[in-house]
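Trainee: Got a predicted model here, sequence first, then my questions.
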Amino acid sequence: DGGITQSPKYLFRKEGQNVTLSCEQNLNHDAMYWYRQDPGQGLRLIYYSQIVNDFQKGDIAEGYSVSREKKESFPLTVTSAQKNPTAFYLCASSPRDRGTTGELFFGEGSRLTVL
Amino acid sequence: QKEVEQNSGPLSVPEGAIASLNCTYSDRGSQSFFWYRQYSGKSPELIMFIYSNGDKEDGRFTAQLNKASQYVSLLIRDSQPSDSATYLCAPNQAGTALIFGKGTTLSVSS
């Protein structure tokens, strides 16, 4: 079945540690996205990539890094520079219909807790 | 800065009533819109896409778009407890990524 796989589902980190969240899709979508969600809040855009080897910062990119070496993969690294990383992280992809974003297909999310 | 505004709620309605969710947006270039539903602790799922002025109906859901007023709404008829969730509005974007409103939390009581 086609879809988006995020791992791990739950992750605990000590302060000062970097962690990498995995996102893999087999939908053959060009574009991939990372969003962050805090309790009672909407989705805030961290980074997005419209094509391999290219990505753009979203509204809250500070303290995060990404790579897009393969079409299928868009990992997110939460660095120690991110001051408040405890959140629910959602990866998504889209086919980009006629120059617009198009429908987003979401993974199940990764919940990061900093101890 | 493109903005999407939604009343955060919670919006409480009794079972069987009509729930009305509203969304306003600042970008006059937005031509189409998505409504996503998100259950607590889960990822969002698409429930409606609207691109023309007027109404679009899908089962118990009706989306209404007024581009001149920069306003889009979602009506849920015969609300059920299973409709209790957060509803997110997002204008379709050209060349970038979806920017979501903060969402409206709906609670349907039986």
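Mentor: Here it is on my side, so go on. Residues are numbered from 1 along each chain as shown, chains lettered A, B, ... in the order given.
Trainee: Against residue B:105, how distant is residue A:14?
Mentor: Using CB to CB, to the nearest Å, we find residue A:14 at a distance of 33 Å from residue B:105. For the C-beta atoms, the positions are set from N, CA and C on the backbone; glycine is no exception.
Trainee: When the two are compared, which one has more neighbours?
Mentor: residue B:105 (20 against 9; other CB atoms under 10 Å in any protein chain shown).
Trainee: So that one is in contact with residue B:11, correct?
Mentor: Yes. Using CB atoms under 8 Å, residue B:105 makes contact with residue B:11 at a distance of 6.9 Å.
Trainee: got the residues of chain B near chain A?
Mentor: Proximity of chain B to chain A, by CB under 8 Å from any CB of the partner chain, involves residues B:6, B:8, B:32, B:34, B:36, B:41-46, B:49, B:88, B:92-103.
Trainee: Provide the partner residues of residue B:24 in its beta bridges.
Mentor: Judged by DSSP bridges, the bridge partners of residue B:24 are residue B:5, residue B:71.
Trainee: And for it, the neighbour number?
Mentor: Counted with other CB under 10 Å, residue B:24 comes out at 17.
Trainee: Quick check: it vs residue B:100, distance?
Mentor: Applying CB to CB to residue B:24 and residue B:100 gives a distance of 13 Å.
Trainee: what residues are shared contacts of the two?
Mentor: Residues touching both residue B:24 and residue B:100 comprise residue B:4, with contact defined as CB atoms under 8 Å, 6 or more residues apart in numbering or on different chains.
Trainee: where does chain B have low pLDDT?
Mentor: B:1-2 (pLDDT under 70).
Trainee: what about the strands in chain B?
Mentor: Here chain B has its strands, by DSSP state E, at B:4-5, B:11-14, B:19-25, B:33-38, B:45-50, B:54-58, B:61-66, B:71-76, B:85-91, B:104-109.
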